[in-house]
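Chemist: With the input below, show me the fold.
(one chain, ligands or ions: 1)
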Amino acid sequence: MSNSLSHRHHDVVVIGGGSAGIAAASAAASNGADTLLVDAGPMVGGELLSGIPIDGCLNTRGEWIVGGFLNSLLDDLKKMGGFVGAFFDWRTIWVVCVDPERMKLAVAHRLREDGAKLLLNSFVDEVVTDGDRVTGIVVLNKSGRTLITADIFLDCSGDGDVAAGAGADYQRGDGKGVFQPVSMVFRMAGVDTGRLLDFARDHPDNLALGENEWLNKSREECLRELIALGYPKVFLKADGPLMSKSIAEGELYPTALLAVIPVSADLRVVAINSTRVANVDATDTGALSATMPSLIDQVWNCQSFVQKRVPGFEEAAFAGIAPRIGIRETRRIVGEETLQGDDVLNAVKRDDGVAKGGHHVDVHGDGTDQLRRPVRDGGSYDIPLGCLLPKGIENMGVAGRCLSADRVAHGSARVMGTCIAMGQAVGTAAAMVCESNVPKPVLGDVPLPALRDRLVSQGAILDGTH
Ligand SMILES: Cc1cc2nc3c(=O)[nH]c(=O)nc-3n(C[C@H](O)[C@H](O)[C@H](O)COP(=O)(O)OP(=O)(O)OC[C@H]3O[C@@H](n4cnc5c(N)ncnc54)[C@H](O)[C@@H]3O)c2cc1C
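Modeler: Numbering: from 1, shown residues only. As a prediction, the model looks like this:
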């Protein structure tokens with residue numbers, strides 16, 4: 001590996017290629033900015049590649065609240081046979097289920113079509129600042145160290161590494177060492193959907209159903225709808241007889257959920273979201289790495305549990321795990337504004353919104369603990385640009401799960417549909433301030449009405465859906 005420091009310059013540099021970062025990079029590039037997307041990993045897509053559904057694309061009422069980049073990505077995915085379906089889960093949310101393997105192709109394809117350049121396997125090692133501006137980042141990879149300068153930097157690293165490195169304030173978890181759990185999502189192939197749904201119909205006490213009062217439907221009605229839908233999308237709850245007995249007897253580790261998610265168009269392959277180790281600060285790499293043995297044990301435990309106890313899985317076989325340990329919560333960067341839990345729960349609308357969220361507040365805890373609170377009337381809330389502007393850094397934006405939000409609001413806004421909407425907003429804003437050709441563009445100087453007009457003209461959904 002070379003010890004020399006090479007240099008490259010771009011208009012916009014996006015750090016992190018998860019749902020927020022790919023939307024940001026595509027939006028910046030397709031709006032004319034020379035854009036580089038840097039990721040520490042060998043693949044782009046972040047948690048989009050793990051098998052979990054994209055939540056927050058529609059509100060509980062079934063109205064799409066995210067468009068633009070999401071539509072382009074889903075169109076690509078549909079052509080590749082990787083779009084499994086968008087449907088209500090008869091619990092509380094609409095989900096968009098996708099094939100994570102085909103998603104790998106769709107993400108890379110979309111970035112290329114939109115003109116974003118890629119730098120993979122490159123970890124941001126250092127942030128260079130000059131007063132209130134970030135002048136560069138130094139990335140480390142097999143070629144050595146590279147100083148990357150840019151007019152605008154967009155931190156979509158999930159953990160807010162770059163904003164924190166530039167001196168931005170942040171909050172972590174609940175501030176007292178409590179963090180949502182890290183998890184390892186895995187897949188099973190050869191599931192018999194008919195038998196699984198028969199089991200759901202005959203043993204509904206095991207299912208989370210009709211959790212949203214706005215639905216105004218009984219559990220029985222929700223169950224009928226779920227069965228009629230025909231997807232292997234069931235949410236086994238910890239206090240149901242099956243899981244509570246197995247957890248009490250030590251057959252299954254303590255967990256709040258066992259969510260089964262279809263990830264193939266033939267509905268024979270599912271992802272399972274269940275494993276968990278709570279209260280780990282995932283920015284502590286040693287602590288995060290130390291969760292791996294426990295998570296792997298839980299994966300193996302869970303796959304044999306479903307084979308043995310859940311009808312429909314008798315012939316199913318383990319088919320793979322997510323590319324990495326999934327992280328729900330680390331840093332929330334303090335921005336010009338902070339999204340408030342009350343605004344999320346009350347579906348507060350704003351004239352200056354640049355993205356929408358609609359996912360329920362979903363804060364996982366230790367063991368069987370999970371807080372789930374719906375957004376008022378099944379609607380949506382608006383995220384202003386200020387939540388995406390780290391306070392005191394004039395040429396940086398953040399998007400994704402490191403946005404500026406209190407812990408409750410974060411429990412909703414962290415989902416991938418909302419991350420995509422935020423990413424498109426900051427990416428577009430970045431390209432617009434670069435268009436002005438001023439020597440030192442300031443992200444917050446983007447004219448808001450023009451940004452909102454541009455976003456809407458490019459398919460984003462900013463108004464309505466009350
Ligand atoms: C187990 C689990 C289940 C979940 N279930 C759902 C669900 O069902 N539906 C839903 O919508 N959401 C779900 N979420 C939440 C959602 O997946 C995440 O909040 C969301 O994906 C965050 O997107 P992001 O773009 O901010 O970050 P990520 O998707 O985490 O992407 C961040 C990217 O940044 C890169 N990176 C990080 N640090 C650096 C660095 N220093 N230098 C360079 N690159 C860096 C990483 O390699 C990664 O590619 C779940 C999360 C977990 C963990």
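Chemist: Helix or strand: which one has L147?
Modeler: If you go by DSSP states H and E, L147 is part of strand 144-155.
Chemist: what packs against that strand?
Modeler: Judged by 3 or more C-beta pairs under 8 Å, 6 or more residues apart in numbering; DSSP states H and E, the packing partners of strand 144-155 are strand 5-15, helix 19-30, strand 35-38, strand 133-141, helix 161-165, strand 396-398, helix 416-435. (C-beta placed from N, C-alpha, C; glycine too.)
Chemist: As CSV, those with mean neighbour count would be great.
Modeler: Listed next are those as CSV, based on neighbours: other C-beta atoms under 10 Å:
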stretch, mean neighbour count
strand 5-15, 21
helix 19-30, 32
strand 35-38, 28
strand 133-141, 20
helix 161-165, 24
strand 396-398, 32
helix 416-435, 29
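Chemist: okay, the ones you listed in TSV with mean pLDDT next?
Modeler: Shown next, in TSV, are those (pLDDT from 0 to 100):
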stretch	mean pLDDT
strand 5-15	97
helix 19-30	98
strand 35-38	98
strand 133-141	98
helix 161-165	98
strand 396-398	98
helix 416-435	98
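Chemist: Could you dump the ones you listed into TSV and include distance to V234?
Modeler: Putting the helices and strands packed on strand 144-155 into TSV (distance: least, C-beta to C-beta, whole Å) gives the following:
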stretch	distance to V234
strand 5-15	36
helix 19-30	24
strand 35-38	36
strand 133-141	42
helix 161-165	36
strand 396-398	35
helix 416-435	21
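Chemist: list the buried ones in the strand holding L147?
Modeler: Within strand 144-155, the residues scored as buried using 16 or more other C-beta atoms under 10 Å are 145-148, 150-155.
Chemist: between these, which is closest to the ligand?
Modeler: D155 (8.9 Å; C-beta to the nearest ligand atom).
Chemist: dump the residue contacts of that closest one.
Modeler: Residues in contact with D155 (C-beta atoms under 8 Å, 6 or more residues apart in numbering) are 15-16, 161-163, 333, 390, 396-399, 402.
Chemist: likewise G386?
Modeler: By C-beta under 8 Å, 6+ apart, G386 lies in contact with 335-337, 404, 444.
Chemist: so is the closest residue to it other than its chain neighbours in a helix, a strand, or just coil?
Modeler: Take G386 and drop its neighbours on the chain: the residue closest to it by C-beta to C-beta, 6 or more residues apart in numbering is E337, 3.1 Å away. Recorded secondary structure, E337: coil (DSSP: H, G, I helix; E, B strand; the rest coil).
Chemist: Look through the stretch 201-350 of the chain and state the residue closest to the ligand.
Modeler: For the stretch 201-350 of the chain, C-beta to the nearest ligand atom, closest residue to the ligand: G326, 2.7 Å.
Chemist: count of residues packed around that residue?
Modeler: 21 (other C-beta atoms under 10 Å).
Chemist: which ones are touching the nearest residue to it once chain neighbours are set aside?
Modeler: Once flanking residues are discounted, G326 sits nearest to S183: 4.8 Å by C-beta to C-beta, 6+ apart. Taking C-beta under 8 Å, 6+ apart as the contact definition, S183 lies against 273-277, 295, 325-326, 328.
Chemist: try 7 Å this time
Modeler: Applying C-beta atoms under 7 Å, 6 or more residues apart in numbering to S183 gives the contacts 273, 275-276, 326.
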